[in-house]
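Trainee: no sequence for this one, just the structure:
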């Protein structure tokens, strides 16, 4: 078993994905709502989905928000009742 597989096994089940934001503006909105609600979160950034030339205007990045299981319901409620839905 590789080192990274072992690390993944340790943390599997402790955090759950609650939202995927496409683009920087949606990332900022979602992060703001979670911070305002006092919910600690972790973000995993995906690749650049822009294609073609890489410039700020052309960029569409993917951000996946994770929270601890104990905050899952609260985070989904906060993101679901905000302008994110």
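Mentor: Great, that's in hand. It should be emphasised that the depicted structure is a prediction, and the values quoted were computed from it without experimental measurement.
Trainee: Where does residue 40 sit: helix, strand or coil?
Mentor: coil (DSSP: H, G, I helix; E, B strand; the rest coil).
Trainee: for it, what are its contacts?
Mentor: Residue 40 is in contact with 67, 68, 71, counting by CB atoms under 8 Å, 6 or more residues apart in numbering. Every residue, glycine included, has its C-beta placed from N, CA and C.
Trainee: what do you get if the cut-off is 10 Å, keeping everything else the same?
Mentor: Taking CB atoms under 10 Å, 6 or more residues apart in numbering, we find residue 40 in contact with 34, 66, 67, 68, 71, 75.
Trainee: In TSV: those residues, plus distance to residue 24, pLDDT and neighbour count.
Mentor: Supplementary listing: the contacts of residue 40 in TSV, determined by distance: CB to CB, whole Å; pLDDT from 0 to 100; neighbours: other CB atoms under 10 Å:
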residue	distance to residue 24	pLDDT	neighbour count
34	16	95	24
66	18	94	19
67	20	94	21
68	25	92	14
71	24	94	20
75	20	94	23
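Trainee: Pull the most distant pair out of those.
Mentor: 34 and 68 (12.1 Å; CB to CB).
Trainee: got TSV for the contacts of residue 40, with secondary structure and distance to residue 22 too?
Mentor: Shown next, in TSV, are the contacts of residue 40 (DSSP: H, G, I helix; E, B strand; the rest coil; distance: CB to CB, whole Å):
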residue	secondary structure	distance to residue 22
34	helix	17
66	strand	16
67	strand	19
68	strand	24
71	helix	22
75	helix	18
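Trainee: Looking at those residues, which is nearest residue 19?
Mentor: For the contacts of residue 40, the minimum distance to residue 19 (CB to CB) is 7.6 Å, reached by residue 75.
Trainee: which residues sit against the helix or strand containing residue 29?
Mentor: Residue 29 is part of helix 24-36 when elements are defined by DSSP states H and E. Helix 24-36 has contacts (CB under 10 Å, 6+ apart) with 18-21, 23, 39-41, 43, 45, 56, 59-63, 65, 67, 71, 74-75, 78-79, 81-84.
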